[in-house]
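J.: my questions are about this predicted structure, shown below with the sequence.
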Amino acid sequence: MKISIEEYKRRRNQVLQTMKNGILVIPSLPESTMSNDVNFVYRQNSDILYLCGFEEPNTTLVLKKGEDKNEFILFVPKRDKLFETWNGRREGTVGAKEKFFADEAFENSELKNKLSDWFTETECLYFPFKFNQSIDEVILNSISEAKRQRKLYPVEIINPLPIIHKMRAIKSSEEIELLKKGSKISIEAHLTAMKNTKNSKFEYEVEAYYDFTFKKYGSKRAAYPHIVGGGENATILHYITNDSKLNDGELLLVDAGCEYGNYATDITRTWPINGRFSDVQKEVYDIVLQVQNECIKMIKPGVSFQSLTDHAIKKITEGLIKLNLLEGEVKDNVKEKTYRRFFMHGLGHWMGIDVHDSPFYNLQDKTLEEGMVITVEPGIYIPVEDDIPERLRGIGIRIEDDIVVTKNGNVNLTAELPKTIEEIEKIME
Ligand code: GLY
Ligand code: MN
Ligand code: MN
């Protein structure tokens, strides 16, 4: 299952329609070294994936918008028998045209000359600096070269990412199908992990069920490093060490989601290591679960994300007062932001090709629209500190689901993964 060629074309046309006459250039991210001559496994820049699906490193995407025609051009690594024997197949310019429907394709060695030429015909360049230093230099040199020729040159440089990311925030039916498939795989992984926690001794043993299940069902990789935190580790938001012993009587927080067809899923569940929640764990868990369910229920077109956040903050603050972690009036605590000691992250984010999707189109000030996909992930994290009642110290709970905004409400893509105390305890029996 993948995005169709027609959809890629529609996306490029939509970008072209939004552009002034000019040239748009998107570089791939550079490869990065893991060790000596070994690189980290490469993942293409999300905007290149969004606009054409080409996955090889060292690729530059160009869209040209002119008076009478528009063009989609790819600069790609050249085919090389020796390289391909060692490192795998490349598409080359022929593949870029035949499989990815580029109107034109060139080898990377031509990038500087072509851009210098094209820049003499345009005053407007769409380019995101600071993503790939070597392409930044090519762009600046090509501008200087065009200027030297005393014709036109790009006097206006615009960041194209706000245009593209605004589009990325609204998912098509093809994208939602990929997200559904990815969600199913991630749900299966969480279920397998829950069922096998009682017979695991270390966090990494539980983590292994995610790697295995993701790959088994066709996901290429995790959408982000798995967070598998037992006991107090659950209070470290992006804990990825995952090497501690699992202790009887403590909770385990797992935040893990696969990428499927280049689309992320992002799910968190928190469950008891021995299969039974203690009374105090139940108290905190039910506060988080109730807040999460209420926020999800509110999701529909026309609702602002801020109103969901406000609701979550109010309800979590009420809960924290009930737990004797905060004192005084809800209103004053909300105003003073005292809850941030225990709930220090946002309620959610867009999700899509990036797990924290559309970074140049901020969710926090938006009103929800049909086709948007967001996470809802309230949490309570209680530090081990002297002024905290002993029974509550070190409890960390987050519950996270992935929600599509529909015409009249929403669909929870990850609803099939149990989250009530009764359901979780039953699965772990
Ligand atoms: N997995 C990172 C997050 O929930 O935002
Ligand atoms: Mn998450
Ligand atoms: Mn998330």
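T.: Looks like it came in fine. Numbers count the residues shown, from 1 in each chain. Ligands and ions are numbered 1, 2, ... in the order given.

J.: so the helix or strand hosting Leu289, near ligand 3 or not?
T.: Using DSSP states H and E, the element containing Leu289 is helix 279-298. No: Helix 279-298 stays out of contact with ligand 3 when judged by CB under 5 Å from the ion, the minimum separation being 12.3 Å. In short, each C-beta sits where N, CA and C put it, glycine included.

J.: equivalent analysis for stretch 350-357, please.
T.: No: using CB under 5 Å from the ion, stretch 350-357 never reaches ligand 3; the gap is at least 6.6 Å.

J.: biggest helix in this structure by residues?
T.: The residue-count maximum for a helix in the chain (DSSP state H) belongs to helix 173-195.

J.: returning to what we had before: quick one: the helix holding Leu289 to chain centroid distance?
T.: For helix 279-298, the distance from its own C-alpha centre to the chain's C-alpha centre is 24 Å (CA atoms, centre = their mean, to the nearest Å).

J.: okay, it in PDB with CA atoms only?
T.: The C-alpha trace of helix 279-298 is given here as PDB (Å, rounded to 0.1, in the frame of the first residue of the first chain):
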ATOM      1  CA  ASP A 279      -5.000   1.400  44.500                       C
ATOM      2  CA  VAL A 280      -2.800   4.500  44.200                       C
ATOM      3  CA  GLN A 281      -1.900   3.700  40.600                       C
ATOM      4  CA  LYS A 282      -5.600   3.400  39.800                       C
ATOM      5  CA  GLU A 283      -6.300   6.800  41.300                       C
ATOM      6  CA  VAL A 284      -3.800   8.500  39.100                       C
ATOM      7  CA  TYR A 285      -4.600   6.400  36.100                       C
ATOM      8  CA  ASP A 286      -8.300   7.200  36.100                       C
ATOM      9  CA  ILE A 287      -7.600  10.900  36.200                       C
ATOM     10  CA  VAL A 288      -5.500  10.700  33.100                       C
ATOM     11  CA  LEU A 289      -7.900   8.300  31.300                       C
ATOM     12  CA  GLN A 290     -11.000  10.400  32.000                       C
ATOM     13  CA  VAL A 291      -9.300  13.600  30.800                       C
ATOM     14  CA  GLN A 292      -8.100  11.800  27.600                       C
ATOM     15  CA  ASN A 293     -11.600  10.400  26.900                       C
ATOM     16  CA  GLU A 294     -13.300  13.800  27.500                       C
ATOM     17  CA  CYS A 295     -10.800  15.600  25.200                       C
ATOM     18  CA  ILE A 296     -11.300  13.000  22.400                       C
ATOM     19  CA  LYS A 297     -15.100  13.400  22.700                       C
ATOM     20  CA  MET A 298     -14.700  17.100  22.100                       C
END
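
J.: what's the helix or strand just after that helix in contact with?
T.: Following the chain from helix 279-298 toward its C-terminal end, the next helix or strand by DSSP H and E is helix 305-322. Contacts to helix 305-322, defined as CB atoms under 8 Å, 6 or more residues apart in numbering, come from residues 284, 287-288, 290-291, 294-295, 298-299, 326-328, 330, 333-334, 338-339, 342-343, 346-348, 363-368, 374, 376, 378, 380.

J.: Asn132 and ligand 2: what is the separation?
T.: Asn132 sits at a distance of 28 Å from ligand 2 (criterion: CB to the ion, to the nearest Å).

J.: correct me, but that residue touches Ser28?
T.: Yes: taking CB atoms under 8 Å as the contact criterion, Asn132 and Ser28 are neighbours in contact, 6.8 Å apart.

J.: which one's more surrounded, these two?
T.: Each of Asn132 and Ser28 has its neighbours counted (other CB atoms under 10 Å); Ser28 has more, 25 against 19.

J.: contact partners for that one?
T.: Gln44, Asn45, Ile48, Glu56, Pro57, Asn58, Thr59, Thr60, Asn132.

J.: is the first one part of a helix or strand, or is it coil?
T.: With DSSP: H, G, I helix; E, B strand; the rest coil as the basis, the three-state label of Gln44 is coil.

J.: make 750 the first number, not 1, from now on.
T.: With the count now opening at 750, the last piece we talked about shows up as Gln793.

J.: that one contacts Thr808, correct?
T.: Yes: under the contact definition of CB under 8 Å, Gln793 touches Thr808, with a separation of 7.3 Å.

J.: who's Asn819 bridged to?
T.: Assessed by DSSP bridges, Asn819 has beta-bridge partners Lys814.

J.: related to what we said a few turns ago, ok, Gln793 and Thr808, which is more surrounded?
T.: When neighbours are counted by other CB under 10 Å, Thr808 comes out ahead of the other of Gln793 and Thr808, with 23 against 19.

J.: for the more buried one, what are its contacts?
T.: Taking CB under 8 Å, 6+ apart as the test, what Thr808 contacts is Pro776, Ser777, Gln793, Ile797, Leu823, Phe824, Val825, Pro826.

J.: ligand 1: which of these is nearest?
T.: Closest to ligand 1 out of the contacts of Thr808 is Gln793 (20.3 Å), distances taken as CB to the nearest ligand atom.

J.: could you measure from that closest one over to ligand 2?
T.: Taking CB to the ion as the criterion, Gln793 is separated from ligand 2 by 22 Å.

J.: kindly report the same for Thr1169.
T.: In this structure, Thr1169 and ligand 2 are separated by 20 Å, where distance is defined by CB to the ion.

J.: before we move on, what about Val1104?
T.: Plainly put, Val1104 is 7 Å away from ligand 2 if you go by CB to the ion.

J.: could you report the pLDDT at the residue sitting furthest away from the middle of the chain?
T.: Centroid-distance maximum for the chain: Arg899 at 44.1 Å, with CA atoms, centre = their mean. Here, the pLDDT recorded for Arg899 equals 78.
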